[in-house]
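> Have a look at this prediction, sequence included:
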Amino acid sequence: MNVPLSYYLILSAIVFTTGVVGVLIRRNIIIILLSIELMLNATNINFVAFSYYLQNIAGQVFVFFALTVAAAEVAVGLAIIIALYRTKASINVDDFQLLKW
């Protein structure tokens with residue numbers, strides 16, 4: 001049984017929209033990072049779906065490298081969050097004014 005490409009695209013759009021809403025609405029740094037990961041995974045769904053339907057492995061290879069880079073980004077992001085939490089004892093975005101002029 002073959003699943004149509006449009007199903008994957010709809011799933012990807014729903015996941016991406018959920019990520020965008022999470023970034024725009026939430027103020028918790030960890031939730032914002034998780035929402036960004038949702039958006040990255042939505043694009044990975046598109047890459048894998050198009051790779052399968054076009055019979056080209058390049059999309060799947062790109063997803064492998066994208067997941068590797070995303071894991072490194074999460075590690076760095078969590079380290080920054082821990083450093084900020086130790087300074088302010090909060091993970092609310094509104095409490096951080098460090099980068100404003």
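Perfect, thanks for sending it.

> Any buried residues in whichever strand or helix holds residue 48, and which?
Residue 48 is part of helix 29-53 when elements are defined by DSSP states H and E. Neighbour-count burial for helix 29-53 flags 29, 32-33, 35-52 (criterion: 16 or more other Cβ atoms under 10 Å). C-betas here are computed from N, CA, C, even on glycine.

> What distance do you get for the closest residue in space to residue 78 that isn't next to it in sequence to residue 77?
With Cβ to Cβ, 6 or more residues apart in numbering as the measure, residue 33 is the residue that lies nearest to residue 78, at 7.7 Å, once sequence neighbours are left out. Applying Cβ to Cβ, to the nearest Å, the value for residue 33 to residue 77 is 5 Å.

> mind showing which ranges of the chain have poor pLDDT?
Along the chain, the parts satisfying pLDDT under 70 run over 97-101.

> same thing but at 80, please
Where the chain drops to pLDDT under 80, the residues are 1, 87-101.

> and the longest helix for it?
In terms of residue count, the longest helix belonging to the chain (DSSP state H) is helix 58-88.

> so it versus helix 29-53, what angle?
180 degrees (axes from the mean of the first three to the mean of the last three Cα atoms, to 10 degrees).

> For helix 58-88, name the packing helices and strands.
Contacts of helix 58-88 with other secondary structure elements, assessed using 3 or more Cβ pairs under 8 Å, 6 or more residues apart in numbering; DSSP states H and E, are made with helix 29-53.

> Distance from stretch 44-57 to the middle of the chain?
Distance of stretch 44-57 from its chain centroid, counting by Cα atoms, centre = their mean, to the nearest Å, is 19 Å.

> Return stretch 14-30 as PDB; C-alpha atoms alone will do.
Included here for stretch 14-30 are C-alpha records, laid out as PDB according to Å, rounded to 0.1, in the frame of the first residue of the first chain:
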ATOM      1  CA  ILE A  14       0.800  20.600  10.700                       C
ATOM      2  CA  VAL A  15       4.100  19.800  12.500                       C
ATOM      3  CA  PHE A  16       5.700  23.000  11.200                       C
ATOM      4  CA  THR A  17       2.700  25.200  12.100                       C
ATOM      5  CA  THR A  18       2.700  23.700  15.600                       C
ATOM      6  CA  GLY A  19       6.400  24.700  15.900                       C
ATOM      7  CA  VAL A  20       5.800  28.200  14.700                       C
ATOM      8  CA  VAL A  21       2.900  28.700  17.100                       C
ATOM      9  CA  GLY A  22       5.100  27.400  19.900                       C
ATOM     10  CA  VAL A  23       7.900  29.800  19.100                       C
ATOM     11  CA  LEU A  24       5.500  32.800  18.800                       C
ATOM     12  CA  ILE A  25       3.300  32.100  21.800                       C
ATOM     13  CA  ARG A  26       5.400  30.500  24.500                       C
ATOM     14  CA  ARG A  27       7.900  32.400  26.700                       C
ATOM     15  CA  ASN A  28       9.800  29.400  28.100                       C
ATOM     16  CA  ILE A  29      13.200  28.900  26.500                       C
ATOM     17  CA  ILE A  30      13.000  25.100  26.600                       C
END
